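Visitor: Based on what follows, work out the 3D shape:
(chains A and B)
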There are 2 protein chains.
Amino acid sequence: MVLKVDHFSFAVQDTFKLRYLINDTWRKQQNAPIFFYTGNEGNIEVFAENTGFLWEIAPKFDALVVFAEHRYYGESLPYGNQSFADPQHRGYLTSQQALADYVELIAHLKSQSGYQRSPVIAFGGSYGGMLSAWIRMKYPHVVQGAIASSAPLLQFTDVVDCEAFSRITTSDYKAANPTCPKLIQKAWSTITNVTLNGNEIVFQRFAAKSEDVKTLKNFLQEVYIDLAMVNYPYETNFLAPLPGNPINISITINLKISKLMIVFCQHLTNVSLTEKPLLLALHRAISVYTNYTGKTNCISMKNAEPGLDDQGWDYQACTEMVMPICTDGINDMFEPVKWSIADYNNTCFKRYSVSPQPYLVCEQYSCKNFNSASNIIFSNGLLDPWASGGVLRNLSQSAIAILMPDAAHHLDLRETNSNDPYSVRMARKFHRFWITKWIREY
Amino acid sequence: MVLKVDHFSFAVQDTFKLRYLINDTWRKQQNAPIFFYTGNEGNIEVFAENTGFLWEIAPKFDALVVFAEHRYYGESLPYGNQSFADPQHRGYLTSQQALADYVELIAHLKSQSGYQRSPVIAFGGSYGGMLSAWIRMKYPHVVQGAIASSAPLLQFTDVVDCEAFSRITTSDYKAANPTCPKLIQKAWSTITNVTLNGNEIVFQRFAAKSEDVKTLKNFLQEVYIDLAMVNYPYETNFLAPLPGNPINISITINLKISKLMIVFCQHLTNVSLTEKPLLLALHRAISVYTNYTGKTNCISMKNAEPGLDDQGWDYQACTEMVMPICTDGINDMFEPVKWSIADYNNTCFKRYSVSPQPYLVCEQYSCKNFNSASNIIFSNGLLDPWASGGVLRNLSQSAIAILMPDAAHHLDLRETNSNDPYSVRMARKFHRFWITKWIREY
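Guide: Predicted structure coming up:
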């Protein structure tokens, strides 16, 4: 759909094409509900493929299914390959502009015959969940209710403790095996001193040059976090192809997949490991993430999430999505790094010529005092690091928090699986109950 | 205060100074309420001088008083005398940007010591009332409640009947004297045919050249409407210096002002008036508006509202504030003119190189389905033409409509006067009740 690049001024008249996926297979009657996924930071197809819940319930509601791509991601690049070229081109990558895109798209859908009085339910996970909550808050006349799964709406400056994220990540590894995070922690200094004790030979299994220590560390940290995020109880392919319970077997044992035995923390059980053997064990563990299929030849350490688009997200993180995350090395398994807005600002300014606005999101959307929010379900899995910034208690009578103790990042939005924990199955029932209520009340 | 010209992108880094008036005389304690007037289309001083209600109640609430000027008006010109020079400069004159200015200003005020937990109550009349309602709808975490007086939130395409505005205007004249609107109507053709019957001599009392027929008609129409808007029961100086009940004496008679006898419809009581005598009578009537003080030598027909800033408003009307108004000459006293978006579009495009967006306001803020609005009082005087676009019924349990049958344009926001009708006195009590409640609930 053709949209304005800038919805909030009349100074810029440029337009661009926003991609959206649409499926009206189950729409049987006039004014059928519209299930609208508010796309996040990546190719919309990835989200359409990983949001099975929406597809499963659409037939029950005779709903029209729409997955809208977020501007500046996938094929929805406002200025083609120049979209990130300079501040003028990339400057329209903001959440408010994205919400306005979705509002325009919904208006377009509803202007069509047979949809004039269709209720609209927004769905989203993670940043997409923030967008689904925010579109309901800002445009309650356009969206009648929202399912915001694993949406870290509160992961902002002066709102949450920056270390909580790392602590949750660590607890996932600890739960698998208390030795596992200890060895992960021990490995940092071994990597730092890679030129000592002839460890370089092992190091080369990770990276070509010993100068890549910092890059490797960043990569490892990202993989540890990603594994915690997608620590799903069955084989998936979201951030990477992975076995079920990739950190470790939890309660469910799926005998069909022999690869189960090689999951992450299984490689890190011997507390006495040091030096070369530790690095070797770590390399085997990491390959659960990097080479579960056994077919990966080479992986870039610059991008642990090839399914998502780092370029766009890095820019958003440097403008409005300033989410403080820190580590202390005591309550978490990482090297201690304080959160420094000054350093962060320098990095962002060098890279994008912008100054991050750490208070903007809370000012625009609120981070407390949400009591006029309505018709939103905030679901959070407590295995998910991002639960640190989630809405974990009810905001009002119809803006409700659900906690899923044994779920990772937006597991409730995935398709039903026999390995789903009870809390996730209940959460989906809860979603359906509220969606029914919102549609009926409209 | 220094603010970004564009709050919704990172492409434009220009800043400008927004003017605001502030008075902390009555603030006695920590976290005192902030009474925040969301300035409209004009110099903020005009609104500070004509919003006596706010000043009267501020001491009772120990409130900090703030009047914020709207960007592109008064002294708050983002690009100085180039602000309207071209589409790039004037394009940031939008209501959303103005609301974001106010949100930033409030954040700034609340960041100061002693204001961190201050509740904020927004006040506004007319377009300012729309802004006060919208700021509460869009930023409920920033503004705890809003008094939106005579705010035509619904005066948009496909929402209200475009003729209602003209009908209400006419009814004010009819109420004064049924002959009055009839003579006004009869005068249109006399003006059209000004070159006949030697009427030109009289015409020259209005305008220099007979080619000015169209300009004069527009001016007269604007004056008729303005008189209906400011048909206050006592002497005022808002759009122009005026006697009380300028259209006609209503119930109250103020013996102190001898000028009372010359109010508008008093000149238009003889139904048999035609030609020269009719024009002469009309000229005397109009001078109630143009020369109540007896000191006006010359008045520009291009601008019947010198206190407001037509340049900015005309641009807003050509972009988002597309408020359809039409006349039929049957139920109203005007020459029949249909509402034509095509003509409107042409005029706007010629003048500003923009296409009006008649559906934008309803899309962004809603024009129906307001049921999640809360903590807003919509007051409307039924003598006010703008009541045609007002919210005249309750939207929710705390978004409440008050009708004042005998009040003109936001009379309830003016200072107390012994001539205030009962409904206005009651409305002010109601406002105070709700403000107290909102502050207590915060």
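Visitor: pLDDT (mean, whole number) over stretch A:150-165?
Guide: The average of the pLDDT scores along stretch A:150-165 is 97.
Visitor: can you map out the strands along chain A?
Guide: A:2-4, A:15-17, A:20-23, A:34-38, A:64-68, A:120-125, A:145-149, A:236-237, A:241-242, A:376-381, A:399-404 (DSSP state E).
Visitor: For the residue in the stretch 251-400 of chain A positioned nearest to chain B, give me the pLDDT.
Guide: Nearest residue of the stretch 251-400 of chain A to chain B: A:S366, at 3.4 Å (C-beta to the nearest C-beta). Any C-beta I mention is one placed from the backbone N, CA and C, and that applies to glycine too. For A:S366, the model assigns a pLDDT of 95.
Visitor: Report how many residues lie close to the closest residue to it other than its chain neighbours.
Guide: In space, and not counting its chain neighbours, A:S366 is closest to B:H141: 3.4 Å by C-beta to C-beta, 6 or more residues apart in numbering or on different chains. Applying other C-beta atoms under 10 Å in any protein chain shown, we find 20 residues neighbouring B:H141.
Visitor: Then A:C180?
Guide: The number of residues packed near A:C180 is 25, by other C-beta under 10 Å.
Visitor: so who does the residue of the stretch 251-400 of chain A closest to chain B touch?
Guide: A:137, B:139-142 (C-beta atoms under 8 Å, 6 or more residues apart in numbering or on different chains).
Visitor: hmm, which two among these are most spread apart?
Guide: Among the contacts of A:S366, the pair separated by the greatest distance (C-beta to C-beta) is A:M137 and B:V142, at 12.3 Å.
Visitor: more crowded one of the two?
Guide: Higher neighbour count among A:M137 and B:V142: A:M137, with 27 against 22, using other C-beta under 10 Å.
Visitor: That one and B:M130, how far apart?
Guide: According to C-beta to C-beta, to the nearest Å, A:M137 stands 20 Å off from B:M130.
Visitor: repeat for A:L280
Guide: 68 Å.
Visitor: Which of those two has more residues huddled nearby?
Guide: Per other C-beta under 10 Å, whichever of A:L280 and B:M130 has more neighbours is B:M130, with 25 against 15.
Visitor: Excluding residues flanking it in the chain, which one is nearest that one?
Guide: B:M130 sits nearest to B:A151 (C-beta to C-beta, 6+ apart), 4.5 Å away.
Visitor: Same check on A:S126?
Guide: Per C-beta to C-beta, 6+ apart, closest to A:S126 is A:S150, 5.4 Å.
Visitor: what's around the one you found, how many residues?
Guide: By the measure other C-beta under 10 Å, the count of residues near A:S150 is 30.
Visitor: Enumerate the residues of the stretch 201-350 of chain A near chain B.
Guide: Within the stretch 201-350 of chain A, the residues that sit near chain B (C-beta under 8 Å from any C-beta of the partner chain) are A:T319.
Visitor: which stretches of the stretch 201-350 of chain A aren't confidently modelled?
Guide: Residue ranges of the stretch 201-350 of chain A with pLDDT under 70: A:208, A:210-211, A:249-262, A:297, A:303, A:306-308.
Visitor: middle-most residue in chain A, spatially?
Guide: Geometric centre of chain A, nearest residue: A:S126, 4.1 Å, by C-alpha atoms, centre = their mean.
Visitor: Thought A:L411 was touching that one, still the case?
Guide: No. Contact between A:S126 and A:L411 fails when scored by C-beta atoms under 8 Å: they sit 11.7 Å apart.
Visitor: returning to what we had before: tell me which residues touch the residue nearest to A:S126, please.
Guide: Neighbour list for A:S150: A:125-126, A:129, A:379-381, A:384, A:386-387, A:390, A:409-410 [criterion: C-beta under 8 Å, 6+ apart].
Visitor: at 10 Å what do you get?
Guide: A:124-130, A:229, A:378-381, A:384-387, A:389-390, A:404, A:407-413 (C-beta atoms under 10 Å, 6 or more residues apart in numbering or on different chains).
Visitor: Please apply the same query to A:I247.
Guide: A:169, A:172-177, A:180, A:224, A:227-228, A:230-231, A:263-266, A:285, A:288-289, A:383, A:408 are the contacts of A:I247 under C-beta under 10 Å, 6+ apart.
Visitor: Of those residues, which belong to helices?
Guide: A:169, A:172-176, A:180, A:224, A:227-228, A:285, A:288-289 (DSSP state H).
Visitor: Tell me the backbone dihedrals of the spatially closest residue to A:T319 that is not a sequence neighbour, please.
Guide: Among residues not flanking A:T319 along the chain, B:F10 sits closest, at 5.2 Å (C-beta to C-beta, 6+ apart). Main-chain dihedrals, B:F10, degrees, to the nearest 10: phi -110, psi 10.
Visitor: so how many other residues sit close to B:F10?
Guide: B:F10 has 24 nearby residues by other C-beta under 10 Å.
Visitor: Contact partners for the residue in the stretch 51-200 of chain A that chain B sits nearest to?
Guide: Proximity of the stretch 51-200 of chain A to chain B (C-beta to the nearest C-beta) peaks at A:G91, 2.7 Å away. A:G91 makes contact with A:5-6, A:12, A:97, A:315, A:319, A:352-354, B:6, B:8-13, according to C-beta under 10 Å, 6+ apart.
Visitor: pLDDT score for it?
Guide: Looking at A:G91, its pLDDT is 97.
Visitor: what about A:Q364, how many neighbours?
Guide: By other C-beta under 10 Å, 22 other residues sit near A:Q364.
Visitor: right, and it touches A:L153 too?
Guide: No. Judged on C-beta atoms under 10 Å, A:Q364 makes no contact with A:L153 at a distance of 11.7 Å.
Visitor: Could you name every residue contacting both of these two?
Guide: In contact with both A:Q364 and A:L153: A:W134, using C-beta under 10 Å, 6+ apart.
Visitor: Only the buried residues of the longest helix seen in chain A, if you could.
Guide: With DSSP H setting the assignment, residue counts place helix A:422-441 as the longest helix in chain A. Neighbour counts over helix A:422-441 (16 or more other C-beta atoms under 10 Å in any protein chain shown) mark A:423-424, A:427-428, A:430-432, A:434-435, A:438-439 as buried.
Visitor: Chain B versus A:V5, what's the distance?
Guide: Applying C-beta to the nearest C-beta, to the nearest Å, the value for A:V5 to chain B is 9 Å.
Visitor: how many other residues sit next to the closest residue to that residue other than its chain neighbours?
Guide: With C-beta to C-beta, 6+ apart as the criterion, A:V5 has its nearest non-adjacent residue at 4.3 Å, and that residue is A:D14. Residues lying near A:D14 (other C-beta under 10 Å) number 12.
Visitor: show me where chain A has helices.
Guide: A:44-49, A:52-61, A:87-90, A:95-110, A:127-138, A:164-176, A:179-192, A:200-206, A:213-229, A:275-290, A:310-317, A:341-352, A:360-365, A:422-441.
Visitor: Low-confidence ranges, the stretch 51-200 of chain A, go.
Guide: Using pLDDT under 70, nothing in the stretch 51-200 of chain A is flagged.
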